[in-house]
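>>> sequence first, predicted model second:
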Amino acid sequence: MITSCLLSLLLACSGGPAEPPPKPAEAPAKKEAPANPETPEIDVKTLEKESDEVALVPSPVETQKALEASGVDTQLAELIPKHSFDLEADGMDHAAVRTGVLLADVLLTVKTAKKPVLLKRIDAVQKGMGQLKGGKDIDLTLEDIKERLEAEAVTRDDLLKEFDELSGAVIPELEFNGQDRVVPLIEAGSWLEGANLVARAVKKSGNKDAAEKLLKAPTVVDYFIEYVKTDGADKAPEAVTKKLEESLQELKQVAEKTDPLDDADIDTVIKVTNAVLALL
């Protein structure tokens with residue numbers, strides 16, 4: 001949806017190194033500091049990949065800002081439907097994608113939703129985190145947020161900052177019982193919800209230039225496809241994951257188009273994201 005700002009290492013190339021000035025005769029030679037065995041070696045390629053992935057997936061808050069910057073003044077929060085999710089469905093992939101959608105809804109409505117509605121959405125995120133085995137700390141954090149919200153002891157602006165921090169920094173660091181694919185699937189859920197809402201906002205506004213900027217992001221789609229694929233050809237994927245992979249492949253075709261996007265492309269984004277959301 002948003003062209004990512006990928007990390008690049010800039011190396012300045014110059015001529016051959018100049019000869020260092022001779023040391024004064026009286027200057028004693030400096031001893032080299034011993035290597036610290038506790039200092040890990042820096043893997044530049046790993047850091048580069050991780051930085052790319054952090055920049056790659058926009059948060060719902062960033063998505064709203066990008067939409068406004070593209071000339072579309074529709075608030076995504078106004079387009080969120082009343083999801084009829086099955087919160088008892090606790091398959092790992094199912095719960096991860098659903099929790100990502102719910103987290104996106106919280107982020108987009110935290111400043112405007114009525115207190116009972118927002119509390120209900122936070123409850124749903126908390127339930128999802130429990131199903132994913134996110135740990136005691138995240139549960140206590142969400143419980144604290146609900147208590148402060150109930151007592152009106154926190155501003156909505158501060159709540160937005162807290163949830164943006166949870167989404168962008170805290171949740172990606174959680175172990176989720178050792179399941180590496182959980183965080184990308186949570187991100188995929190948030191991104192799918194954002195893509196659906198953006199496509200609907202763009203269609204409503206008729207602003208095709210915004211569609212070009214926000215819906216053409218094949219690298220983002222590839223990032224999610226990598227994690228959605230199941231391990232082993234003989235492993236039957238669950239319905240949600242299978243539909244998610246199929247939908248991502250369709251979204252990739254739209255994202256890779258060299259021609260400008262048209263109404264049919266925007267309708268495709270709405271249709272395929274709706275298909276995944278309907279399974280949750």
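Everything's here; your move. Residues are numbered from 1 along each chain as shown.
>>> got the buried residues for stretch 211-225?
The neighbour-count check on stretch 211-225 (16 or more other Cβ atoms under 10 Å) flags 211, 213-217, 220-221, 223-225 as buried. For glycine as for every other residue, the C-beta is placed from the backbone atoms N, C-alpha and C.
>>> ok, so of the residues you listed, who is nearest A89?
Checking the buried residues of stretch 211-225 against A89 by Cβ to Cβ gives F224 as the nearest, at 20.4 Å.
>>> G189 is in contact with the closest one, correct?
No: when contacts are counted by Cβ atoms under 8 Å, F224 is not listed as touching G189 (9.9 Å).
>>> which stretches of the stretch 51-200 of the chain have low pLDDT?
For the stretch 51-200 of the chain, the stretches flagged by pLDDT under 70 are 51-57.
>>> pull stretch 209-225 out as CSV, backbone CA atoms only.
The C-alpha atoms that make up stretch 209-225 are tabulated as CSV, following Å, rounded to 0.1, in the frame of the first residue of the first chain:
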residue,chain,number,x,y,z
ASP,A,209,-3.9,8.8,-8.3
ALA,A,210,-4.3,7.8,-4.6
ALA,A,211,-4.9,4.2,-5.8
GLU,A,212,-1.6,4.2,-7.6
LYS,A,213,0.3,5.4,-4.5
LEU,A,214,-1.5,3.3,-1.9
LEU,A,215,-2.4,0.0,-3.5
LYS,A,216,0.7,-0.7,-5.6
ALA,A,217,3.1,-2.4,-3.2
PRO,A,218,4.2,-5.8,-4.5
THR,A,219,7.1,-6.0,-2.0
VAL,A,220,4.6,-5.8,0.9
VAL,A,221,2.6,-8.6,-0.6
ASP,A,222,5.7,-10.8,-1.1
TYR,A,223,6.6,-10.2,2.6
PHE,A,224,3.3,-11.7,3.7
ILE,A,225,3.2,-14.5,1.1
